[in-house]
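K.L.:
Need a 3D model of the following:
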Amino acid sequence: MKKILPVVFIFVVTISSCTSTRITSSWREPGKEVVVNQLNKVLIVALFKTAVNSHKAEDQMAAYLNGKGVVSYDYLDNNFNKKNEEAIRTKIKADGFDGAITMRLADVDRDKIYVPGNMAAYPAYLRTFSGYYYNNWPNYLSGGYYKNTKTYTVEVNVYSIKEDKMIWTGITQTTDPNGVKRMTANIAKVVYRQMIKEGFVHKP
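P.N.:
Residues are numbered from 1 along each chain as shown. The predicted structure follows:
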């Protein structure tokens, strides 16, 4: 029988548009399963290149947890010694957290790709030389172009605070996300689906 763990994680996302995010790898501790209705409090940590982007990502994740999420920029503020590992561990456990979710920007890959033009569709009579000759329909190809792209690699980890260990981790890649808010939403969507698929998140 699976061990039911009241840990941490549901990203309830209502976005219906297509996403440019995919999971490249993931790991789940065998037998662990999230029971959402037993969730108490979850610490949310986003580590992006700027404080503004980190705060946006944390706010976005907190919104998915329906009041259960606590953003780190409020909880672990400047008055707290972030360099003291034992103090962090003690404080989080004493304050009743079930778990923590971290989202870290690991890499940004910039690339230039060639986007080919689209060949025009031809009527059936143009598929032979005689049809082309007698109907005089020109063949054309629309011009291609180069496009600069950015691919963001983000690591997502889920920790059990009570057991003091990682219980799920995944690597995502998002191409041209059009903002931190959109990227966070896309990551949440694909990660949640992956967790459901793996049996890590138990849907009520």
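
K.L.:
rest of the way, CA atoms for contacts and neighbours
P.N.:
OK.

K.L.:
Which elements pack onto the longest helix belonging to the chain?
P.N.:
With secondary structure taken from DSSP state H, the chain has its longest helix at helix 180-198. Using 3 or more CA pairs under 8 Å, 6 or more residues apart in numbering; DSSP states H and E as the contact criterion, the elements in contact with helix 180-198 are strand 21-28, helix 51-64, strand 165-175, strand 201-202.

K.L.:
Next secondary structure element downstream of the longest one?
P.N.:
It stands for helix 51-64. Beyond helix 51-64 on the C-terminal side, the first helix or strand identified by DSSP states H and E is strand 69-71.

K.L.:
Let's verify Asn157: helix, strand, or coil?
P.N.:
strand (DSSP: H, G, I helix; E, B strand; the rest coil).

K.L.:
any idea of the mean pLDDT for the longest helix of the chain?
P.N.:
Confidence over helix 180-198, taken as the mean pLDDT, stands at 88.

K.L.:
quick one, that helix and strand 21-28 angle?
P.N.:
Relative orientation of helix 180-198 versus strand 21-28 (axes from the mean of the first three to the mean of the last three CA atoms, to 10 degrees): 50 degrees.

K.L.:
so how far is helix 180-198 off the chain centroid?
P.N.:
4 Å (CA atoms, centre = their mean, to the nearest Å).

K.L.:
in that helix, what's buried?
P.N.:
Of the residues in helix 180-198, those buried by neighbour count under the rule 16 or more other CA atoms under 10 Å are 180-196.

K.L.:
try stretch 52-66
P.N.:
With the criterion 16+ other CA under 10 Å, stretch 52-66 contains buried residues Asn53, Ser54, His55, Lys56, Ala57, Glu58, Asp59, Gln60, Met61, Ala62, Tyr64, Leu65.
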